[in-house]
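Chemist: Got a predicted model here, sequence first, then my questions.
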Amino acid sequence: MTLRQMANSGVPGGKSDSSVFALIIGLSTLGAGAYVYKMLKEDKVRYNDRVEKMITQPQTDPNARSEVPSHAPFLLIGGGTAAFAAARSIRARDPGARVLIVTEDPDLPYMRPPLSKELWFSEDPNVTETLRFKQWNGKERSIYFQPPSFYVPAYDLPHIENGGVAVLAGKKVVHMDVRGNVVKLDDGTRITYDKCLIATGGSPRNLPAIERAGKEVQQKLTLFRKVENFRSLEKISREVKSIAIIGGGFLGSELACALGRRGEYMTDPCKEAQSEEKRTLCFPVLTASSHVLAREGVGISVTDSMLPLCPSYLYGLL
C-alpha cells in the first residue's frame with residue numbers, strides 16, 4: 001500500500017478522525033436545536049390557546065361572589081354534633097361531596113358536653129377564650145371538632161374541584177319548601193338543595209313564671225346551651241353570691257357540681273337570702289345524683305313548682 005492510499009484510508013490519528021468527530025458534533029447540535037425549536041413552538045401554541053381561553057371565558061372575581069351559595073348538593077341545618085357527624089359521613093362515602101352547614105350559632109361546630117364539665121375544671125385562667133380542656137387520657141384539645149382550615153369558604157363551595165364542607169355561621173333558616181327543595185334564610189337569601197338534613201338539636205325551655213317576671217329578673221336569667229352562655233356564666237360565678245339552676249337533668253346536675261366546687265359553702269338561697277357565702281340551688285334533681293351534689297355542698301330543693309324569685313340576690317339558670 002502506497003503512502004497516498006494510507007493517507008486516504010483514514011488512519012487513526014489522522015485528519016479524517018477530526019473531520020468525523022466534528023461532523024458528529026455538528027449533527028448532534030443540529031438535532032438538539034431542532035428539538036428545542038419544536039418544544040418552544042409547541043409551548044407557544046399551548047400558551048396562545050390558554051390566553052385565548054382566558055380572554056373568551058367570562059371573568060369572575062372571587063371577591064365579587066356571593067357569600068351564600070345559591071345551591072348546595074347536601075344542606076345540613078344546624079351546627080352541632082349531629083350535623084358535623086353527618087358531614088363527615090357524607091364526605092367519607094363521597095370524597096367529592098359539597099356539604100353546606102347552616103347554623104344560627106356564630107361559632108364553627110363544637111362539642112357541647114365540655115361546656116358543663118371539663119371546661120369548669122380547667123386550670124387555664126383564659127379558658128373562656130382558649131376553650132381547651134384535658135381529655136380522659138390527659139391530652140389537651142379544643143372543643144371545636146376541626147380548625148377553621150378544615151372548612152372551605154361558603155362562596156367557594158360550588159366551584160371547588162374536590163368538594164368540601166362549608167359553614168354559614170350566624171344564619172337561621174326561617175322557611176323551608178320541601179317540595180321545591182328550597183330554604184329561606186333570615187336575611188331573605190334562598191338556597192336550593194338536593195338533599196337536606198335538619199339537625200338543629202334542642203334548646204332550653206323557659207318557664208311561664210319567669211317569662212311573666214319583671215325586667216330585673218329577666219336580666220339575671222341565662223338559658224344555658226352555647227359557648228356564649230358558658231362565658232357569661234363563668235363570669236357571673238365569680239361575681240354573685242347565689243345561682244339557682246332550674247332543671248335537674250344531666251346538664252343541671254353537672255353545672256351544679258361545677259359551680260358547687262367554686263363556693264366555700266352552699267345553701268338554699270331562698271331560705272338564707274342574706275347570707276354572704278356563695279350558694280347554689282338545684283331543683284328538681286335526679287335522685288341518683290342527689291348524694292353527689294350534697295357532697296359538693298349544693299343545696300337541693302325538690303319541688304314541682306317555682307319557688308318565689310328574689311331578684312335582689314338570685315341569678316337564674318335554665
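Modeler: Yes, it's here.
Chemist: Would you map the strands across this protein?
Modeler: Secondary structure of the chain (DSSP state E): strands located at 71-77, 98-103, 132-134, 140-142, 164-169, 173-177, 182-185, 190-198, 221-222, 242-246, 279-283, 299-300, 315-317.
Chemist: Of all these, which one is nearest residue 151?
Modeler: Nearest to residue 151 among those is strand 164-169 (5.4 Å), distances taken as Cβ to Cβ. In this view, the C-beta of every residue, glycine as well, is placed from N, C-alpha and C.
Chemist: Could you check the angle the closest one makes with strand 190-198?
Modeler: For strand 164-169 against strand 190-198, the angle by axes from the mean of the first three to the mean of the last three Cα atoms, to 10 degrees is 100 degrees.
Chemist: which ones are touching residue 118?
Modeler: Applying Cβ atoms under 8 Å, 6 or more residues apart in numbering to residue 118 gives the contacts 133-135.
Chemist: The same query, at a cut-off of 10 Å, please.
Modeler: Residues touching residue 118, when contacts are defined by Cβ atoms under 10 Å, 6 or more residues apart in numbering, comprise 111, 127, 132-136, 141, 143, 258.
Chemist: And for residue 117?
Modeler: Applying Cβ under 10 Å, 6+ apart, the residues contacting residue 117 are 133, 250-251, 254-255, 257-258.
Chemist: what do you get for residue 193?
Modeler: Under the criterion of Cβ under 10 Å, 6+ apart, the contact list for residue 193 reads 71-77, 100, 176, 181-183.
Chemist: before we move on, back to that, per-stretch mean pLDDT over the strands of the chain, give me the minimum one.
Modeler: Set side by side, these show their lowest mean pLDDT on strand 279-283, which sits at a mean of 41.
Chemist: between the contacts of residue 118, which is closest to residue 86?
Modeler: For residue 86, the nearest member of those is residue 111. The distance, counting by Cβ to Cβ, is 15.3 Å.
Chemist: Excluding chain neighbours, what is closest to that closest one?
Modeler: Taking Cβ to Cβ, 6 or more residues apart in numbering, and ignoring the residues beside it in sequence, residue 111 has residue 143 as its nearest neighbour in space, at 5.0 Å.
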